[in-house]
Structures are given as C-alpha cells and as structure tokens.
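Student: Show me how the following folds:
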Amino acid sequence: MNSKTERFAVQILLFSLIVCTNLRAQNSSATLSGTVTDSSGSPVANAKISVINVFSGQTAETHCNASGHFIVSNLGPGNYEIAVSAEGFPSVTSRARLASGSSKDLNIQLEDPVGNSANSASPTQGSGTEPSLSSLGFPPSVIKGNAQEQALLNKRSRMLQIHQKLGMITVGAMVAALIASPGAKGHHGEPGGATGRNVHMALGVTTAALYAATAYFALAAPRVPGVKVRGPIRLHKAMAWIHGPGMIMTAILGAMAYSQLSNGERVHGIAKYHSTAAIVTAAALGTAVFSVSYKF
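Tutor: Presented below is the predicted three-dimensional model:
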C-alpha cells in the first residue's frame with residue numbers, strides 16, 4: 001500500500017511540474033517591430049515609441065534608430081496601443097494585437113506638421129473595432145504621461161506580469177493537490193495512508209503559499225489614478241471575491257480534515273466540505289487566470 005502511494009505521489013509531482021512548464025510556455029513573450037517614416041517615405045530617426053497593453057497596463061518604450069527602425073521585445077499577449085512621437089511631427093497612435101510568442105511588423109507614417117494629424121498607420125495595425133486606451137478609461141495624462149508616470153506604469157506592468165505568471169503556476173499546483181486528494185482520504189473502499197495525506201498536505205501548503213505571493217503582486221502594484229476597470233479585468237476581479245474567501249476556507253477545512261484523519265477518525269462535520277470548497281475555488285481561480293491570459 002505504501003509503495004503504491006509513494007509511486008502515486010511521484011506521478012502527481014511530475015504532473016504538477018509538467019503543468020507548470022506548459023503554462024509557462026503558453027505565456028512566452030511577443031515582439032513588436034517596424035519602421036517610422038514621414039509622408040515622403042523617408043525614415044524618421046529617434047522617434048519615440050511608447051507601447052501599452054490596453055488590458056493589463058503593461059508598458060514599454062524605445063526609440064527608432066537612424067534608419068527609422070524600432071523593436072520592442074518581451075511583450076505579453078494581448079491588444080496594444082502604440083504612440084509614436086517625433087520632433088516636428090504630430091503624434092500618431094496605432095493598435096496591434098500580439099499573440100503569445102509571435103512577432104509582428106508595424107510600419108507607421110507620420111504626417112507633415114501642416115498636414116492631417118489623424119492616425120495613418122499601415123494596414124498592419126489593429127482594426128478600428130479594437131479597444132483604445134481612452135475607451136478603457138485611461139485619462140489623457142496617463143496615455144501621454146511624463147517620466148514619473150511612465151516609471152509608475154512600468155512598475156505596475158512588471159508586478160502584474162509576475163502576478164499573472166504566479167497565478168498560472170498556482171492553478172497547476174492546486175490541480176495537482178485535487179488529483180492527490182484520493183491518496184489522503186482513500187477511495188474505492190480503501191482508507192488513505194499517512195504518505196498520501198502528507199503529499200496532499202504538502203501540495204496544499206504549496207498552493208496556499210503560491211496564492212499568497214500571487215495576491216501580493218496584485219495588491220502591491222501601484223495604482224494608476226483615473227483608470228476605469230473594463231473588459232476581462234472586470235471578470236478577473238469579480239472572481240477574486242470567490243477564490244479569495246474560498247482559498248481561506250479550503251485551507252481551514254483542510255487542516256481540520258487532516259487532523260481528523262491523522263487521529264484515525266473519518267472526516268466529519270464541516271471538514272467534509274473541504275473538497276467541495278477546493279473545487280469551487282479552483283474553478284474560480286482558473287476562470288480568473290484564463291480571463292487575462294486569453295483575450296476574447
């Protein structure tokens with residue numbers, strides 16, 4: 001029995017590792033590049049390129065080289081708004097959608113100072129139906145921003161990226177804990193063993209620690225004044241009202257169930273709802289992670 005349980009524990013740990021590895025692979029970064037030219041087609045050197053993810057707030061900034069070429073790497077998947085500015089030219093904005101691990105070319109043309117200052121990006125930009133920063137509640141001061149505001153946005157972007165990645169890993173750990181639960185409480189009429197309980201507890205504690213770290217990076221990320229919550233972020237935040245209390249309840253009920261089983265008792269009282277609380281919490285957490293990892 002112990003030998004079977006130990007093999008089962010090893011399989012669960014391997015499964016957890018595979019899940020986490022696959023989730024990390026799904027979150028591989030994307031690259032945006034292109035060329036900035038004037039109305040005559042000549043390259044515009046040293047043009048400033050500001051990129052912001054319209055959902056997560058991730059920002060990046062670079063400048064064109066002497067040939068007007070720019071490249072921005074390490075971007076997460078999603079819809080982006082690109083602002084281009086250069087001395088002597090009106091600012092231009094464009095939109096682009098980046099898939100996970102993809103590379104996209106975006107060529108942007110700046111109008112003459114006396115010409116039309118409307119957007120004139122090439123057809124490679126996103127369609128007009130994609131959300132803009134203003135439609136998502138970003139005030140003009142945030143979209144244009146000064147150096148201090150950009151630094152604040154960059155810090156928030158980095159912390160939310162870590163929050164997203166840790167959320168994916170937490171889901172993997174929680175799924176592994178759910179799969180390991182039969183080894184703790186027993187199944188098919190056979191009682192669970194001490195090894196099964198300890199493996200399940202270890203995975204549960206790991207999940208709780210990862211969840212706490214995930215929550216920290218979301219709560220501690222600097223706030224951007226004047227930004228309204230819209231789109232998938234609303235669903236993401238709504239799910240927190242379920243998986244937050246659910247994670248606390250799951251941990252409390254799990255500790256009670258572990259104590260009862262360790263004393264040779266059957267799981268009884270409210271502790272028997274530990275599995276139910278865990279399943280509901282995992283579903284809410286998975287939905288929250290999915291809502292900001294895949295755009296719909």
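
Student: In this structure, mark out all the strands, start to finish.
Tutor: According to DSSP state E, the chain carries its strands in the segments 30-37, 48-53, 59-63, 69-75, 78-85, 92-98, 103-105, 108-109.

Student: CA atoms of the first one as CSV?
Tutor: What that stands for is strand 30-37. Output in CSV follows, covering the C-alpha atoms of strand 30-37 (Å, rounded to 0.1, in the frame of the first residue of the first chain):
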residue,chain,number,x,y,z
ALA,A,30,5.9,38.5,-28.2
THR,A,31,7.9,41.1,-30.2
LEU,A,32,6.7,44.2,-32.0
SER,A,33,8.9,45.9,-34.6
GLY,A,34,8.6,48.2,-37.5
THR,A,35,9.7,51.4,-39.3
VAL,A,36,8.6,55.0,-38.8
THR,A,37,8.6,57.2,-41.9
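
Student: Next, the angle strand 48-53 makes with it.
Tutor: Relative orientation of strand 30-37 with respect to strand 48-53: 150 degrees, computed using axes from the mean of the first three to the mean of the last three CA atoms, to 10 degrees.

Student: try the fifth one
Tutor: Orientation note: strand 78-85 sits at an angle of 160 degrees relative to strand 48-53 (the same axes, to 10 degrees).

Student: circling back to that earlier point, for the strands of the chain, please prepare CSV with the additional fields mean neighbour count, mean pLDDT and distance to Gln161.
Tutor: Where C-beta positions appear, they are placed from N, C-alpha and C, glycine not excepted. Shown next, in CSV, are these (neighbours: other CB atoms under 10 Å; pLDDT from 0 to 100; distance: least, CB to CB, whole Å):
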stretch, mean neighbour count, mean pLDDT, distance to Gln161
strand 30-37, 21, 91, 13
strand 48-53, 21, 87, 10
strand 59-63, 17, 88, 11
strand 69-75, 17, 91, 9
strand 78-85, 22, 85, 11
strand 92-98, 20, 85, 14
strand 103-105, 15, 88, 19
strand 108-109, 23, 90, 25
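
Student: Have a look at the chain and report its longest helix.
Tutor: Secondary structure assigned by DSSP state H gives helix 147-185 as the longest helix of the chain.

Student: re earlier: with distance to Gln260 as added columns, please give the strands of the chain in a markdown table.
Tutor: Rendered in a markdown table, the data for the strands of the chain read as follows (distance: least, CB to CB, whole Å):
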| stretch | distance to Gln260 |
| --- | --- |
| strand 30-37 | 49 |
| strand 48-53 | 47 |
| strand 59-63 | 50 |
| strand 69-75 | 48 |
| strand 78-85 | 46 |
| strand 92-98 | 50 |
| strand 103-105 | 55 |
| strand 108-109 | 65 |
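
Student: Next up, the contacts around the closest residue to Leu253 other than its chain neighbours.
Tutor: Excluding its sequence neighbours, the residue lying closest to Leu253 (CB to CB, 6 or more residues apart in numbering) is His274, at 3.8 Å. For His274, the residues meeting the contact criterion (CB atoms under 8 Å, 6 or more residues apart in numbering) are 250, 253-254, 256-257, 267.

Student: And His274, how close does it get to Val199?
Tutor: Between His274 and Val199 the distance is 16 Å, computed by CB to CB, to the nearest Å.

Student: Could you give the number of residues near Val289?
Tutor: Neighbour count of Val289, defined by other CB atoms under 10 Å: 23.

Student: Do I have it right that it meets Leu166?
Tutor: No: with the criterion set as CB atoms under 8 Å, Val289 and Leu166 do not qualify as a contacting pair; they are 9.8 Å apart.

Student: still on that earlier bit, return the closest of the contacts of His274 with respect to Leu203.
Tutor: Looking at those and their distance to Leu203, the nearest is Gly254, at 10.4 Å (CB to CB).

Student: Is that closest one in contact with Met201, as I believe?
Tutor: Yes: the pair Gly254 and Met201 qualifies as a contact (CB under 8 Å) at a distance of 7.5 Å.

Student: so the longest helix of the chain versus strand 69-75, what angle?
Tutor: Helix 147-185 and strand 69-75 meet at an angle of 30 degrees, taking the same axes, to 10 degrees as the criterion.

Student: So which elements touch helix 147-185?
Tutor: When contacts are defined as 3 or more CB pairs under 8 Å, 6 or more residues apart in numbering; DSSP states H and E, helix 147-185 sits against helix 2-26, strand 48-53, strand 59-63, helix 140-144, helix 194-219, helix 232-262, helix 274-293.

Student: and with 7 Å instead?
Tutor: The helices and strands touching helix 147-185, judged by 3 or more CB pairs under 7 Å, 6 or more residues apart in numbering; DSSP states H and E, are helix 2-26, strand 59-63, helix 194-219, helix 274-293.
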